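3D, please:
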Amino acid sequence: MASKKTFGSSARSRRKSRRKKIEVRKAEFKYRGFSLEELQKLSIEEFMPLLPSRMRRTLKRGLTKTQDKLLNDIKKATPGDPIKTHCRNMVILPEFVGHRLDVHSGNEFQRVEIQPNMIGHYLGEFALTRKKVKHTGPGVGATRSSKFMPLK
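Numbers count the residues shown, from 1 in each chain. Predicted structure coming up:
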C-alpha cells in the first residue's frame, strides 16, 4: 500500500508564501471623471453641465427661497452641526458632502449624512416618507371568514 505524503508546517508556509497577495485598495471617488476636491472648487454654473438633465434643468431655473436659504446655511455651518430643512427638492451639491441634514419626511425629521456618492440626487430620495408595512392578524372590518383564522 502506498503511504500518503504528509506536508509539514514548513511546506505549508512555503505554499502560503507562493500565493499572490492581493491588496485591497479603496477606490477613490470620481464623479464624471472629477475628484471630490475638484468638484468642490467648481461653482454651481460650472458644475451644472456634469449633472443629469432633470437636475440640470432644476438648477437652471434658479434656486427657490428655501433652497437658497439651505445653501447659505450649509456654507455657514461646520460639517458636524445638523441642519433642519423641509426642502426635499434640493439637488445635493459637492458643497454638502460631510454635512448632516435633518430632512423632513412628513411627520418627523430624518438624519441624512451627505456622502460623495449622493451628489446629483435630491435630498428627498434619502428621507423616505412611507414606512414598511407590518402586517398583523385580521382586525376590525375583516371578512367573516378571515376573522376565524388560526393565529399560528
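
Please, where are all the helices along this structure?
9-18, 36-41, 44-47, 53-60, 65-76, 144-147 (DSSP state H).

Of all residues in the protein, which one is nearest the centre?
Closest residue to the average C-alpha location of the chain: M118 at 5.5 Å, with C-alpha atoms, centre = their mean.

Now that one: closest residue in space, sequence neighbours ignored.
What sits nearest to M118 in space, not counting adjacent residues and going by C-beta to C-beta, 6 or more residues apart in numbering, is I92, at 5.0 Å. The way it works is simple: take the backbone N, C-alpha and C, and place the C-beta from them, glycine included.

again with P49
R56 (7.2 Å).

how close does the one you found get to Q67?
15 Å (C-beta to C-beta, to the nearest Å).

These two: which has the busier surroundings?
Q67 (18 against 15; other C-beta atoms under 10 Å).

For the more buried one, give me its contacts.
The contact partners of Q67, taken as C-beta atoms under 8 Å, 6 or more residues apart in numbering, are C87, N89, M90.
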